[in-house]
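Undergrad: got a predicted structure plus its sequence, pasted below:
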Amino acid sequence: MRLPFFSTEKKLWVGLLGILAFLIFYMLPNHVQFFTPMYLPMFEFEKNLPFIDWTIWFYISDYLFVAVVFILLKDRTNMNQIFYSQILVLIVSMLIFFLFPTAFPRPTVEYHGLSGAFVKLLHFADTPGNACPSIHIAVTFLAGFGFLREQKNKFWFFMLWAILISFSTLTVKQHYAIDVICGFFMAAMFYVFGMRFIREHGNTNIPK
């Protein structure tokens, strides 16, 4: 059985399926845990990082980031390889979250203004669990890697954006630094090995 490849004209379905996959593979272990989550050690620098509520705008821009990438990608094979590699990241991460759960010791913070309201919403919807690896970082960098094979002039802009998103995960007190590192590593690993798997198992016999 070969994986179906979406045409570039059906990006809406790619987005909807991506949202569905996120809700299943990320949110399920985020709210259903079979083992007690572990707390991870922190680097000294992150212990001293303050809570900065306005960086929530960088944090939630992740969703815009991924959407913009898929809108801009033009090569059908490249788009599908990035999409399925992200699905693989979500599946593997779900298994990690179930078997080796980790949690971030989220501090008590005060919510002020619009930025604070969005942080409060984040803290309500997303528990301190599913810490390592950071899916937020993995799917962001993996999407940005799509520009390595086309439109390379956009690559560094999206990498800078991804770095700002990475920093925001620390300042909204959602992740450890090690979560960010592991998320980036997973993005790189699934870009290389996941793409090879998709090339071997994807069905490219569809109209462009």
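TA: Good, I have the coordinates.
Undergrad: C-alpha only now, for contacts and for neighbours.
TA: OK.
Undergrad: in this structure, which spans are strands?
TA: Secondary structure of the chain, counting by DSSP state E: strands at 3-4, 38-39, 102-103, 202-203.
Undergrad: most tightly surrounded among these?
TA: strand 102-103 (a mean of 22; mean count of other C-alpha atoms under 10 Å).
Undergrad: what helices or strands is it leaning on?
TA: Judged by 3 or more C-alpha pairs under 8 Å, 6 or more residues apart in numbering; DSSP states H and E, strand 102-103 is in contact with strand 38-39.
Undergrad: returning to what we had before: need the strands of the chain in CSV with distance to residue 125 and mean pLDDT, can you?
TA: Formatted as CSV, the strands of the chain follow (distance: least, C-alpha to C-alpha, whole Å; pLDDT from 0 to 100):
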stretch, distance to residue 125, mean pLDDT
strand 3-4, 32, 75
strand 38-39, 20, 96
strand 102-103, 15, 96
strand 202-203, 34, 63
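Undergrad: how close does residue 147 sit to residue 165?
TA: According to C-alpha to C-alpha, to the nearest Å, residue 147 and residue 165 sit 18 Å apart.
Undergrad: so between the two, which is more surrounded?
TA: A direct count of neighbours by other C-alpha atoms under 10 Å for residue 147 and residue 165 places residue 165 higher, at 25 against 21.
Undergrad: so who does the more buried one touch?
TA: The neighbours of residue 165, taking C-alpha atoms under 8 Å, 6 or more residues apart in numbering as the test, are 58, 59, 61, 62, 137.
Undergrad: ok, residue 162 next?
TA: Contacts of residue 162 (C-alpha under 8 Å, 6+ apart): 62, 137, 140, 141, 144.
Undergrad: just so I know, which of the strands of the chain lies nearest residue 113?
TA: Nearest to residue 113 among these is strand 102-103 (26.9 Å), distances taken as C-alpha to C-alpha.
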